[in-house]
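A.B. asks: quick one, what's the 3D model for this:
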Amino acid sequence: MSSRTENLASIKTCGVVAVLRASGPDQPDALVQVAQAIGRGGIGAVEITMTTPGALDVIGECANRLDDEILLGAGTVLDPETARAAILAGAEYIVTPTLNPDVITLCRRYDKVVIPGALTPTEILTAWECGADIVKVFPATAVGPRYFKDVKAPLPQIDLMPTGGVDLENAGDFIRAGACAVAVGGNLVDKAAVAAGEWHVLTDTARKFVDTVRTARQEGGG
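C.D. replies: Next up, the predicted model:
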């Protein structure tokens, strides 16, 4: 098991976090295959949202079957009780849609990476001061890449990650504006490809996101 510092470095080095949601009785099997396909494309961090039916069981099953192959996290976590349950199920990092300082404290207690959601400069700074490893700016497309550049000007020490509406067209713009990584959901996981078992489609898309982030960084971003 890697340390919190190593896991944080892994997320930031790749620069892309995959956000997965699923439904149905075969969801652990499907999510394992989705995670593996995405991993082959170079994305090593996968977040399973707590809005997924039976999310804790899914996280536990994926953690057992993926082992150290993929860095597994839990998303849409709203309170410290859920954060603890997700960590005990196998999550190595916790992502929240809003700022709850108690969740950050809990993750610090368990030495896990924590990425709380925030939007305003005050929320972003508060999250960082409470101990956030990265601050998730959500919903990112409501403010756009320029917002990241504006926030980073007075707060350059804070690592920001956009979530919500990130795609291949704007991922590079967010990185060039100062984001340390991007979180991608529906624009990465093609439901039709998953239903058809066309895992290469997910691998190709993942590779494109990784390449986009790498190119943007070479151009002076992130």
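A.B. asks: now the helices for this protein?
C.D. replies: Applying DSSP state H to the chain gives helices spanning 4-14, 27-40, 55-66, 80-89, 101-109, 121-130, 145-152, 171-176, 191-196, 199-218.
A.B. asks: now the first one: buried residues?
C.D. replies: If you call a residue buried by 16 or more other CB atoms under 10 Å, then helix 4-14 has these buried ones: 4, 7, 8, 10, 11, 12, 14. Every C-beta, even on glycine, is put in place using the N, C-alpha and C of the backbone.
A.B. asks: what's the separation between the closest residue to residue 55 other than its chain neighbours and residue 97?
C.D. replies: Residue nearest to residue 55 in three dimensions, not counting chain neighbours: residue 48, with 6.2 Å by CB to CB, 6 or more residues apart in numbering. Residue 48 is 14 Å from residue 97, where distance means CB to CB, to the nearest Å.
A.B. asks: likewise residue 85?
C.D. replies: Counting by CB to CB - residue 85 and residue 97 are separated by 17 Å.
A.B. asks: same check, this time on residue 184
C.D. replies: From residue 184 over to residue 97 the distance is 16 Å, taken as CB to CB.
A.B. asks: those two: which is more packed in?
C.D. replies: More neighbours surround residue 184 than the other of residue 184 and residue 97, with 25 against 20 (other CB atoms under 10 Å).
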